[in-house]
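> Need coordinates for the below:
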Amino acid sequence: MKPLIAFLILSLFQCSGKTEHETPSTTTTRQVGGPCDGCDLLYEGQPPLATLVPTLELASGSEPGDQLVIKGKVVQIDGKTPAENVILYIYHTDENGRYSPGKQQTLGLRHGHLRGWLKTGADGHFTFKTIRPAAYPESKFPAHIHIFVKETDKNAYYIDEVRFLDDPKLTTEERNKAEQRGGDLNIPLEMDSSGVWQGNL
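As a prediction, the model looks like this:
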């Protein structure tokens, strides 16, 4: 089993520019990296930071699809020191491979209703519960989970998508295309005795 290290905080894969949602001044917010499509949606509907915790239930028990639990840890660039108070914005497709909005959803529509936020604790660990996403319909791309990162002193950026080693669409060619933003996020999944897929980043 892979160690519980989700990714290093490298600050190399940054979105462009500070948004109006980021309160630090340009003298205290480090601006690194290039364009990041969709990073602006990290802030649409974001709960108050004080309410965010290391555990997130992205999908309710009534959500169609196979249940999935992902655990990980965010560490500093040294690969060891836990990174506290790092916000992760997570979203993915539904069981049909679509970013389907919820019935009452008005914000973040492009990312669908399976979206949410968590904040790492003092030990850097996090857990999110959701369903196993499906690949885009009639597409060669593997099923995946998007993660955007917001550190306290930097603007938001994205890392590689989380993908699953048992996905037949995750070919060697596809794996070799990964840019290793945040490390190797192609992970094995195991189903537990209750029928829930379990994965460690």
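> Residue ranges in this protein under the pLDDT threshold?
Within the chain, the ranges that satisfy pLDDT under 70 run 1-34.
> Tell me where it has helices.
Taking DSSP state H, the helices of the chain run over residues 172-176.
> what's the distance between the residue most central in space within the chain and Asp160?
When the chain is reduced to its mean C-alpha position, the closest residue under CA atoms, centre = their mean turns out to be Ile147, at 2.1 Å. Computed as CB to CB, to the nearest Å, the Ile147 to Asp160 distance reads 8 Å. Every C-beta, even on glycine, is put in place using the N, C-alpha and C of the backbone.
> again, but for Asp167
Where Asp160 is concerned, Asp167 sits at a distance of 15 Å (CB to CB).
> If you count surrounding residues, which of the two has more?
Asp160 (20 against 17; other CB atoms under 10 Å).
> if I look at that one, how far off is Thr55?
Taking CB to CB, one finds Asp160 at 23 Å from Thr55.
> ok so, going back, shared neighbours, Ile147 and Asp160?
Gly182 (CB atoms under 8 Å, 6 or more residues apart in numbering).
> Near the closest residue to Leu41 other than its chain neighbours, how many residues? Count them for me, please.
Ranked by CB to CB, 6 or more residues apart in numbering and with sequence neighbours excluded, the top spatial neighbour of Leu41 is Gly108, at 4.9 Å. A count of neighbours around Gly108, defined by other CB under 10 Å, yields 23.
> ok, Gly108 - contacts?
Residues 41, 44-45, 91, 115 are the ones in contact with Gly108 under the rule CB under 8 Å, 6+ apart.
> Cool, thanks, talk later.
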